[in-house]
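Engineer: Structure of the sequence below:
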Amino acid sequence: MNSIPTGWTKNRMKYCVALNPSYSKNLNDSDSISFIPMECLTNGSICPKTDVVGRVKTGYTFFADGDIIMAKVTPCFENGNIAIVHNLLNGVGFGTSELYVFRSKTIDTVYLFYYLQNDQFKQLCIGTMYGTGGLKRVSLDFIRNYTFYVPPFAKQQQIASFLDTKSSLIDSTIEKEREVIDKLKEYRQAVITEAVTKGIRPGVPMKESGVEWIGEIPAGWDVCRLKYLAWLQRGYDLTSDEFVEGPYPVYGSNGIIGYHNKFMATAPGITIGRSGSVGEVQYITQNFWPHNTSIYVKYFEKSIPNYIYYLLLTLDLKGVSSGSVVGSLDRKKIHDINVPKIQEKEQQDIADYLDAKCSAIDATIQKRELAIEKLTAYKQSLIYECVTGKREVFG
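Structural biologist: Have a look, this model is predicted:
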């Protein structure tokens with residue numbers, strides 16, 4: 001920093017905190033404690049599970065009430081998975097080995113919690129990451145020897161209190177925006193389901209489809225198995241060594257995972273997550289390579305592609321997946337799902353209607369997401385300015 005406020009002193013992290021303190025609680029192996037896997041740690045909060053000491057005291061990370069736990073592995077570190085832990089069972093907990101623990105010695109814990117989130121510190125940490133792919137980790141030696149300027153203790157508490165108040169307001173606004181987005185997504189899905197199963201012409205005579213998930217359908221419609229509208233094919237193997245930079249996207253279970261100089265499917269195309277993001281449906285507007293983690297529509301039998309896309313969005317694809325731990329989709333099971341059968345002209349009308357409706361809803365969602373991005377950026381800027389002394393905070 002270019003200028004240091006009066007009274008701020010230079011410190012090294014290892015003198016301010018105890019990093020990764022050892023387990024020291026006198027508990028029996030059968031005593032209950034809190035356990036925090038990575039998915040139970042988010043920015044500012046935890047959702048602990050319950051375990052017993054004997055099962056987790058070896059191979060996991062120890063912490064106690066009042067400690068800060070922070071993810072050290074990508075992408076969890078970049079995502080801001082950090083929290084101050086409170087109300088742990090028997091006052092202690094264990095968690096994933098991919099955590100760093102900070103126990104305050106000479107610094108206010110809440111102030112440090114915010115300091116560890118400032119963008120300048122995070123970018124420096126990212127620059128020290130070692131390892132490969134999704135297992136890159138922040139260097140502990142870097143954190144231990146990291147030097148920074150710290151205000152007097154009373155000023156730390158002022159800054160922490162100010163950021164608590166401001167962050168709470170910002171987080172509350174962000175949460176409200178997310179609630180609106182969730183409702184818009186629910187509305188979008190309801191619009192799609194209604195159009196695909198009931199049509200878009202009000203007042204037409206209805207009849208029972210004989211299929212529970214569909215219910216009543218217009219009297220002029222019929223029901224058939226999906227394979228008579230679209231034929232599905234499993235994607236193609238492509239190892240990391242075979243990726244060749246090119247113009248054609250490679251689609252995995254939930255999006256583009258690379259590019260290739262060849263394509264195996266022509267646009268417009270549809271993929272369904274086969275493993276990984278099981279049941280994720282994507283509409284693709286350019287020639288592409290469907291990866292083996294996906295299933296793709298190989299050809300359409302007298303069907304409109306974007307209508308089939310909307311039809312697939314109404315199906316419980318996860319419900320036909322198999323596998324006790326990691327689900328997997330079998331295209332044959334999808335082929336056998338009963339769906340509405342309608343003429344191409346009406347398929348096109350429904351697809352055009354949904355294109356327009358969904359486009360309008362998606363535009364509103366994007367505006368809300370942009371608002372969240374701006375609020376998040378403002379919060380990050382506020383934290384950085386306060387913990388580095390660039391913004392004066394008064395009690």
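Engineer: Which helix or strand lies directly C-terminal to the helix or strand hosting residue 112?
Structural biologist: Using DSSP states H and E, residue 112 falls within helix 109-115. Per DSSP H and E, the first helix or strand lying C-terminal to helix 109-115 is helix 119-127.
Engineer: Report pLDDT for residue 77.
Structural biologist: At residue 77, the predicted lDDT confidence score is 95.
Engineer: That one belongs to a helix, doesn't it?
Structural biologist: No: looking at residue 77 with DSSP: H, G, I helix; E, B strand; the rest coil, it is coil, so not inside a helix.
Engineer: count of neighbours near residue 58?
Structural biologist: 8 (other CB atoms under 10 Å). Just so you know, the C-beta spots here come from the backbone N, C-alpha and C atoms, and that holds for glycine as well.
Engineer: Please disregard the earlier target; I meant residue 353.
Structural biologist: Residue 353 - counted by other CB under 10 Å - has 15 other residues nearby.
Engineer: Strands of the stretch 251-395 of the chain, residue ranges please.
Structural biologist: 255-260, 269-273, 281-284, 289-290, 294-300, 338-341 (DSSP state E, counting those that start in this stretch).
Engineer: Put together CSV for those, with distance to residue 45 on each row.
Structural biologist: Formatted as CSV, the strands of the stretch 251-395 of the chain follow (distance: least, CB to CB, whole Å):
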stretch, distance to residue 45
strand 255-260, 27
strand 269-273, 28
strand 281-284, 31
strand 289-290, 38
strand 294-300, 34
strand 338-341, 41
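Engineer: out of the ones you listed, deepest packed?
Structural biologist: Counting by mean count of other CB atoms under 10 Å, strand 289-290 has the highest mean neighbour count of these, with a mean of 26.
Engineer: where are the low-confidence patches of the stretch 201-350 of the chain?
Structural biologist: By pLDDT under 70, the weakly predicted segments of the stretch 201-350 of the chain are 323-326.
Engineer: Tell me where it has helices.
Structural biologist: Along the stretch 201-350 of the chain, counting by DSSP state H, counting those that start in this stretch, helices occupy 305-314, 331-335, 344-387.
Engineer: Going by contacts, tell me the helices and strands next to the helix holding residue 112.
Structural biologist: Packed against helix 109-115 by the contact rule (3 or more CB pairs under 8 Å, 6 or more residues apart in numbering; DSSP states H and E) you find strand 68-71, strand 82-84, helix 153-198, helix 344-387.
Engineer: Of those, which is nearest residue 99?
Structural biologist: strand 68-71 (5.0 Å; CB to CB).
Engineer: so who does the residue lying closest to residue 379 once chain neighbours are set aside touch?
Structural biologist: In space, and not counting its chain neighbours, residue 379 is closest to residue 170: 4.7 Å by CB to CB, 6 or more residues apart in numbering. By CB atoms under 8 Å, 6 or more residues apart in numbering, residue 170 lies in contact with 375, 378, 379, 382.
Engineer: CA atoms of stretch 242-252 as PDB?
Structural biologist: This file holds the C-alpha atoms of stretch 242-252, laid out as PDB (Å, rounded to 0.1, in the frame of the first residue of the first chain):
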ATOM      1  CA  GLU A 242      -6.700 -36.100 -27.600                       C
ATOM      2  CA  PHE A 243      -8.000 -32.500 -27.100                       C
ATOM      3  CA  VAL A 244      -6.800 -30.500 -30.100                       C
ATOM      4  CA  GLU A 245      -7.500 -26.800 -30.100                       C
ATOM      5  CA  GLY A 246     -10.000 -26.100 -32.800                       C
ATOM      6  CA  PRO A 247     -13.300 -24.300 -33.700                       C
ATOM      7  CA  TYR A 248     -15.700 -27.000 -32.400                       C
ATOM      8  CA  PRO A 249     -16.800 -27.000 -28.700                       C
ATOM      9  CA  VAL A 250     -16.600 -30.200 -26.700                       C
ATOM     10  CA  TYR A 251     -19.700 -30.500 -24.600                       C
ATOM     11  CA  GLY A 252     -19.600 -32.500 -21.400                       C
END
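Engineer: Fine, thanks again, bye for now.
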